[in-house]
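>>> with the sequence up front, the predicted model follows.
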Amino acid sequence: MASASDTTTTQPPRIAVIFPGQGSQIVGMTSELAESYPQIHDTFAEASTALGEDLWAICQDEDKLNQTQYTQPALLTASMAIWRILEDKLPQKPCYMAGHSLGEYSALCAAGVIEFADAVRLVHARGQLMQEAVMGIDTAMAAILGLEDQRVQTLCEQTTEHVDGAIVGAANFNSPGQVVISGNAAGVTAVVDEVQNAGKKAIMLKVSVPSHCALMQPATDALAELLSEIKFAQADIPVIQNRHARVESTIQNIKKALTEQLSEPVLWSQTMQELADKQVNLLIECGSGIVLSNLAKRQANPIVSYPVDKPARLEKLMEILL
């Protein structure tokens, strides 16, 4: 089992870099790093040019930052800015990359599969497509705690089948005992009621769109068309994608997995297990916040994870690696 102690041996650690997704955004994210590293403002300037919007200003405006079409390029830019700092400092190349939901685009960009400007425009459009797909629909997402994955899936299936008008499905398998569900308000509320009646915990989430569920299906065709117009390259570093928790072997399959990811669940627990199986023993969370580092502690085979979104955290990682 991979563990923190593995990083103290004479062998260099097997590193994977992981990128957070929507929900990890924080007003002013990367501001502390920007005081010492010009890569931050340079990367935001590059993204702003690509998008035609001042992304740095958007990151200081909570209302705009939380609008999906801006959240997504802002988070991708923050992750890429931090990656550019990290890439210069790491004593060795990571073995793998992975990203949670939106973070998968950051991972593919950092791995050289997608050009940065293309990725910024792509996730901006992705956010718009997601918002348009549920226009006029009352939607919701909730975190279900303390139930097995299969039990949550069964509850969602039964609710969709038996509750009039309900649409709900598992959206994120985040860690053992934590599954996020997504759908219309009728479906999500019905599952939450069942969970709470069984004495388990369910937390409604503040989100603007219900990711990774059947309601996103109308956006998938448009996303597939957008992806077909963007040039992808072979990855410099293998990326484990959300759809099947594996490295896809061809550009066609990478694009297919990205398209299907929009309406299918994020297999994050499975991704973490895949990294453990590949003997990865150190994770670096490259982006805003510490969500993925916290999830890493809860996996069946936990791998020590270091966030690097602040100077002190970056310095701590470098002390360990150098």
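On my side now, so go ahead. Just so we're clear, the structure is a prediction, and the values are computed from it rather than from any experiment.
>>> pretty sure residue 137 contacts residue 184?
Yes: if you go by C-beta atoms under 8 Å, residue 137 and residue 184 touch, sitting 5.9 Å apart. All C-beta atoms are positioned from the backbone trio N, CA, C, and that covers glycine.
>>> which parts of stretch 38-56 are buried?
39-40, 43-44, 46-48, 50-51, 53-56 (16 or more other C-beta atoms under 10 Å).
>>> just the CA trace of it, in PDB.
Taking Å, rounded to 0.1, in the frame of the first residue of the first chain, the C-alpha atoms of stretch 38-56 are listed here in PDB:
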ATOM      1  CA  PRO A  38       5.600  36.200 -12.200                       C
ATOM      2  CA  GLN A  39       4.200  33.000 -13.800                       C
ATOM      3  CA  ILE A  40       0.900  33.700 -12.100                       C
ATOM      4  CA  HIS A  41       0.100  37.000 -13.700                       C
ATOM      5  CA  ASP A  42       1.700  36.000 -17.000                       C
ATOM      6  CA  THR A  43      -0.500  32.900 -17.200                       C
ATOM      7  CA  PHE A  44      -3.600  34.900 -16.300                       C
ATOM      8  CA  ALA A  45      -2.700  37.500 -18.900                       C
ATOM      9  CA  GLU A  46      -2.300  34.800 -21.600                       C
ATOM     10  CA  ALA A  47      -5.700  33.300 -20.600                       C
ATOM     11  CA  SER A  48      -7.400  36.700 -20.600                       C
ATOM     12  CA  THR A  49      -6.200  37.400 -24.200                       C
ATOM     13  CA  ALA A  50      -7.400  34.000 -25.300                       C
ATOM     14  CA  LEU A  51     -10.900  34.600 -23.800                       C
ATOM     15  CA  GLY A  52     -11.300  38.300 -24.300                       C
ATOM     16  CA  GLU A  53     -12.100  38.700 -20.600                       C
ATOM     17  CA  ASP A  54     -10.000  39.800 -17.600                       C
ATOM     18  CA  LEU A  55      -9.800  36.600 -15.700                       C
ATOM     19  CA  TRP A  56      -7.700  38.000 -13.000                       C
END
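>>> so what touches that stretch?
Residues from elsewhere that reach stretch 38-56, judged by C-beta atoms under 8 Å, 6 or more residues apart in numbering: 30, 33-34, 59, 70, 73-74, 76-77, 80-82, 84-85, 88, 116-117, 120-121, 124.
>>> try it again at 10 Å.
Stretch 38-56 has contacts (C-beta atoms under 10 Å, 6 or more residues apart in numbering) with 29-34, 37, 57-61, 64-65, 69-70, 73-74, 76-88, 115-121, 123-124.
>>> so residue 67 versus residue 128, what's the distance?
Going from residue 67 to residue 128 by C-beta to C-beta, to the nearest Å gives 10 Å.
>>> look at the residue nearest to residue 257 when sequence neighbours are not counted and say how many residues are nearby.
Once flanking residues are discounted, residue 257 sits nearest to residue 243: 4.0 Å by C-beta to C-beta, 6 or more residues apart in numbering. Using other C-beta atoms under 10 Å, the number of residues around residue 243 comes to 20.
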